[in-house]
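K.L.:
What follows is a predicted structure for the sequence shown.
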Amino acid sequence: MGKANKNQSRRSFLKVTSLTGGGMMIGISWFANLIPNEAMAHVADNNNWVQLNGFIQITPDNQVKIFNPNPEFGTNVMTSLPMMVNEELEADWSKVIVEMGDYDTPRFKSQFTGGSRAMAMAWMPLRTAGATARLMLMQAAANQWGVPVSELRTEKGEIVHINSGKRLTYGAVATAAAKLPKPEKVALKKPGEFSLLGTPQKNKVGKEIVSGQSLFTMDYQVEGMLIAMVIHPPAFGMQLKSFDASEALKMPGIKDVFEFQVYKDGYVKAGFDTRTFNRLIAVVGNSTWEVMNARKKVMAEWEPIQTTKEPVMARGGKRDEIIPEGLESTDEHLRQMHEMQKKPMRVARKDGDPEAAFKNAKRVIERTYTAPFLAHNPMEPISCFAHITEEKALFVAPIQIPEMMKQNLVANLDLKPEKIEMKLARMGGGFGRRAYGHYIVEAGHISKKVKAPVKLIYTREDDMTNGIYRPTYIMTYKAAIDENNNVTAFHVIGGGFPESPLHENRFPAGAFDNYLAESWELPTNITIGAYRAPRSNFNASAEQSFLDELAEAVGKDPLDFRIDLLKKAKANPVGKNNDYDASRYMGVLQLLKEKSNWGSPASKNAKRGVSAYFCHASYAAHVVDVTMKNGQPYVEKVVTAMDCGFVVNPEGAKNMVEGAVIDGIGNALYGELVLEKGATQQKNLNNYRIIRHREAPKKIEVHFVQSNIDPTGLGEPPFPPVFAAVANALYKATGKRLYNQPYIKELNKNKA
Amino acid sequence: MAKFQLKINGKQLSVDVDPSTPLLWVLRDHLHLVGTKYGCGAGACGACTVHLNGNALRSCQLPVSAVGTQAITTIEGIAISETEMHPVQKAWLELDVAQCGYCQTGQIMSAVALLKRNPNPSETEIEAAMTGNICRCGTYIRIKAAIQHVAKSSKK
């Protein structure tokens, strides 16, 4: 999907309460029936899952605290969301304290970070909350002075009586304000009236980060806490047969070694309950190093799994997920994917008469693209703290979607929902990995068994080999070209293990009279999940590489070719369900053309490639300049044009785009998780290649389309189009078209 | 288990641990200095960077028994005073470097060591010195700019 549905019913809920000790608190709980977005493809059809909660607290000493509703994993929501509150609240931003709101029902019904949704979800509710608080504070001051509210203005956390110049701090009237009736309606500022939003603001948590304070789950420690690690099967398609812990138990500092089952038999998994292996061995001891050493002494025997079915409650209802037996390999996946591409598949969309157009074509171009599994590899490996007692189940968890964990914890740990308390730690990266909180359940089982506070730690090897990966995909594009170099038909077939990357209604659908999109998927026992712009990250790479080649085949400039197609899609869109706004899409390409000085490279050795994409409600386009350094590609400069509507925090926004571009270059060139006999061949960062300093561009220029459209996200949209921009530039630099990721491998293979 | 006297951030601290324990886990588990991060345990990511006698070192690769009397500095020990941060930390804030922030303490430790031995590094020298520190969020351009910012200000 992408565009937020403006016509949804929105039920707002603000709750104003007095604080013990004086002051006011405004709780925010919004039930916005936004359509689940593409990242949520696996989610149960619960219309209320998108809820937003946070609160504002003002104490008599005029301390203003904004509790950020959304978990933070680096997209800077700890700054940008409170900015929305404060734009309307008009407290002194430099003194506003921002804290992470914990998952603590009923105060926080749900929080969510993912799918680049934070900006769009928070835009109305958080500003309304700020405006409501401000109006109530003004009313309290007006009552105290005996003047109408219309004679008052606010400034940096103070209420000013315009005529007399009298002042009161927010803190001074907060207690009285909390007792006033909540105004039914508040007016919100228009973009032209903003003074904080749209200005560059630095990270509110910057100081804590650079001074190494305890922010992350990995850092969390309490008195008497034990360290736990798990042992999982050495390959997908294997399971635990038996184990002998006698040697491990003799090791110093070791408290317990035991087997446990993560989910109960027959447990119906919800969308984010994906987990790798269900039976694990836990090793628990006093310190990390002792547990690491003891773990090596556990003698485990493994056996092949049999094909099983696991019930899943996904969009569209309950179904059985097939987990096939066998030890899978990348070579075999590729062979099967190429095989599948030759067969007619499920038709996802058809416009006009593509069969006839292909039959009558003068030329047909057909190209096939593939991409491997990818591991998320957030810098902070998976971890979770749990302390389960009779009174309470306390978790400190790095989790993108805490609300989605509740039913899982209740069902598999036999917890009462009201006893669950979850502190949301800052996440050392997520990229989709921390949407799947099986590790919270694992930590819970271990704490229950050893009856102590426990911190579960995955080593990097555990994190990488026990992952929930970006799936492996294939895409074939076919275009029919007539004698006048017109493209008369367009055909795409997408598939993968275990999902298809196809977005049949995305551009260039709508630009071709004859269009056919087909889709398929095959089951696998390799666990997969959302990875920064799910499906789009591959879809864009294939589609935008093909459009480049197609432009060349019909003798057009690749950037103009795209603009021409969009002009056509705008003037005479084919089909009804086109999932993009052709004007905005064209807008980023035109901005990019101008800002990149398209046609002239940055340096005389550089070759340029272009690519664009729309996903997660924002538009992104890049021009990439590539040089060859000792026969190896180097992206030296990138120019980016973005349309994410109104830019809330230009500083944070620019940082996000730069990061997404670098991540894109790294994954396009190097990213790869290879499977052999069910085991990942990359197990640590010494052979899973992540882009490093010297491989990063010297310069990334980010240009935003100036817009007052409600803001949309940036975590994902700039990422997918990077891949093809790199491939298209590499074609110019080497004369070779690249079809299989990672590109460095294909480039070096072609050479040899 | 064995007792070790360690000189960390100018203080003498004692621990009783297995001699093979990497310094990283001594700092994190036993001394509660959690600013030094675990990223890979293989010396491949730089998140655990500390200084040993002023030189950047991967603390996940150094057994505590090998430290001896050498001075260790961690991220918790680089500030000028309790109220004033190190110029490199300040530059990190000025350039708004961090995204998730997990790797940044290791990045800062590598940068501090680099600027100490080479107060005015070239772009290539920065890349060479910093390439062992992975940032999964991709903040490399800002990291480089922050280092250049410190180099420029120290020249004035």
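P.N.:
Looks like it came in fine. Just so it is clear, the model here is predicted, and its values are computed rather than measured.

K.L.:
okay, the residue in the stretch 451-600 of chain A positioned nearest to chain B: pLDDT?
P.N.:
Across the stretch 451-600 of chain A, the shortest distance to chain B (CB to the nearest CB) belongs to A:R460, at 4.3 Å. Backbone N, C-alpha and C define where each C-beta goes, glycine included. pLDDT for A:R460: 98.

K.L.:
where exactly do the strands run in chain B?
P.N.:
Applying DSSP state E to chain B gives strands spanning B:2-8, B:11-17, B:49-52, B:55-58, B:71-73.

K.L.:
got it, and the stretch 1-150 of chain A?
P.N.:
A:10-11, A:14-18, A:24-32, A:51-58, A:64-68, A:97-100 (DSSP state E, counting those that start in this stretch).

K.L.:
Least confident of these, on average?
P.N.:
Among those, strand A:10-11 scores lowest, at a mean of 39.

K.L.:
that older thread, list the contacts for the residue of the stretch 451-600 of chain A closest to chain B?
P.N.:
By CB atoms under 8 Å, 6 or more residues apart in numbering or on different chains, the contact list for A:R460 reads A:377, A:381, A:684-685, B:39-42, B:45.

K.L.:
Could you tell me which of those belong to helices?
P.N.:
Judged by DSSP state H, helices contain none of the contacts of A:R460.

K.L.:
sec struct for the residue in chain A that chain B sits nearest to, please.
P.N.:
Nearest residue of chain A to chain B (CB to the nearest CB) works out as A:G212 at 1.9 Å. Assigned by DSSP: H, G, I helix; E, B strand; the rest coil, the conformation of A:G212 is coil.

K.L.:
Check the spacing between it and A:E247 real quick.
P.N.:
A:G212 sits 37 Å away from A:E247, taking CB to CB, to the nearest Å as the criterion.

K.L.:
These two: which has the busier surroundings?
P.N.:
A:G212 (25 against 13; other CB atoms under 10 Å in any protein chain shown).

K.L.:
Quick check: closest non-adjacent residue to that one.
P.N.:
B:G35 (1.9 Å; CB to CB, 6 or more residues apart in numbering or on different chains).

K.L.:
just B:L33 next, same as before
P.N.:
B:L33's closest residue in space is B:L27 (CB to CB, 6+ apart), at 4.4 Å.

K.L.:
So for A:P106, what's the pLDDT?
P.N.:
pLDDT, read off for A:P106, is 42.

K.L.:
sorry, that was for A:E184
P.N.:
Note on A:E184: pLDDT of 83.

K.L.:
domains for the chain, by residue range?
P.N.:
Here I'm looking at chain A. Annotated domains of chain A cover A:10-197, A:217-308+A:382-457, A:341-374+A:469-751 [automatic domain parsing].

K.L.:
right idea, wrong chain: chain B
P.N.:
Taken from automatic domain parsing, chain B resolves into B:2-77, B:87-155.

K.L.:
and the ones you listed as CSV, adding mean pLDDT and mean neighbour count?
P.N.:
As requested, the domains of chain B are exported to CSV (pLDDT from 0 to 100; neighbours: other CB atoms under 10 Å in any protein chain shown):
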stretch, mean pLDDT, mean neighbour count
domain B:2-77, 97, 20
domain B:87-155, 97, 22
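
K.L.:
Can you say which of the ones you listed is nearest to A:K699?
P.N.:
domain B:87-155 (7.3 Å; CB to CB).

K.L.:
how long is that closest one end to end?
P.N.:
Domain B:87-155 stretches 13 Å from its first residue to its last (CA to CA, to the nearest Å).

K.L.:
Would you tell me which helix is longest in chain B?
P.N.:
Under DSSP H, chain B gives helix B:140-155 as its longest helix.

K.L.:
thinking B:L93 is in contact with A:V205, fair?
P.N.:
No. The criterion here is CB atoms under 8 Å, and B:L93 misses it with A:V205 at 10.6 Å.

K.L.:
show me what contacts the closest residue to chain A within chain B?
P.N.:
The nearest approach of chain B to chain A comes at B:G35, 1.9 Å away (CB to the nearest CB). By CB under 8 Å, 6+ apart, the residues touching B:G35 are A:211-213, B:74-76, B:105.

K.L.:
And the furthest pair within those residues?
P.N.:
Maximum distance among those (CB to CB): 12.5 Å, for A:Q213 and B:T74.

K.L.:
Grab the nearest non-local neighbour of residue 148.
P.N.:
With no chain named, the answer covers chain A. Using CB to CB, 6+ apart, the nearest residue to A:P148 is A:A142, at 6.2 Å.

K.L.:
actually chain B
P.N.:
Nearest non-adjacent residue to B:Q148 (CB to CB, 6+ apart): B:I126, at 7.3 Å.

K.L.:
related to what we said a few turns ago, could you report the distance from the residue of chain A closest to chain B to A:G467?
P.N.:
Counting by CB to CB, the gap from A:G212 to A:G467 is 27 Å.

K.L.:
One more: A:K419?
P.N.:
Going from A:K419 to A:G467 by CB to CB gives 31 Å.

K.L.:
Who has more neighbours out of these two?
P.N.:
A:G467 (26 against 15).

K.L.:
That one contacts A:T527, doesn't it?
P.N.:
Yes. Using CB under 8 Å, A:G467 makes contact with A:T527 at a distance of 7.0 Å.

K.L.:
who touches both of the two?
P.N.:
Common neighbours of A:G467 and A:T527 (CB under 8 Å, 6+ apart) are A:T276.

K.L.:
Next up, phi/psi of A:C644, please.
P.N.:
The phi and psi values for A:C644, taken as degrees, to the nearest 10, are phi -120, psi 30.

K.L.:
Leaving out the residues flanking it, which one is nearest to it?
P.N.:
A:S618 (4.0 Å).

K.L.:
what do you get for A:I281?
P.N.:
Leaving aside its chain neighbours, A:I281 sits nearest to A:I231 (4.2 Å; criterion: CB to CB, 6+ apart).
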